[in-house]
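>>> Any chance you could fold what I've pasted below:
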Amino acid sequence: MLNTAIDADDGNPILRESALKALGAWRAHLVSIITAGKKSKEIRLGVDPATLATLLITSLEGALVVSRLERNPRALRAAQEHLEQYMETDVRRVRNR
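Here you go, the predicted structure:
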């Protein structure tokens, strides 16, 4: 998505609109998953679905750019590890035992 967004940013409004639609669909899908997780009490009530969706997308897209530039998956692995920890400690609702 990043390649399309950069190519379309100021030169191709039709491609830009297509990239915006793809981003919107991805974000909406994540928001629906997060909202369902809140309803089923798997995700903390204070978590904002739109903010979390944006954080996930931007973390993964940024890590992908760095990994591609470096031709090394290290940044993707670091983002994955960080997001997994973040999801477990700040997002996931801890159930009483």
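>>> What is the helix or strand Gly24 falls within packed up against?
Taking DSSP states H and E as the criterion, the element that holds Gly24 is helix 13-39. Helix 13-39 sits against helix 2-8, helix 49-70, with contacts defined as 3 or more CB pairs under 8 Å, 6 or more residues apart in numbering; DSSP states H and E. Backbone N, C-alpha and C define where each C-beta goes, glycine included.
>>> starting at the chain centroid, how far to the last one?
Remark: helix 49-70 is offset 6 Å from the chain centroid, using CA atoms, centre = their mean, to the nearest Å.
>>> and after it, which helix or strand comes next?
Following helix 49-70 toward the C-terminus (DSSP H and E): helix 74-86.
>>> Give me the helices and strands touching that following helix, please.
Contacts defined by 3+ CB pairs under 8 Å, 6+ apart place helix 74-86 against helix 49-70.
>>> list the buried ones in the helix it packs on?
For helix 49-70, burial by neighbour count (16 or more other CB atoms under 10 Å) applies to Pro49, Leu52, Ala53, Leu56, Ser59, Ala63, Leu64, Ser67.
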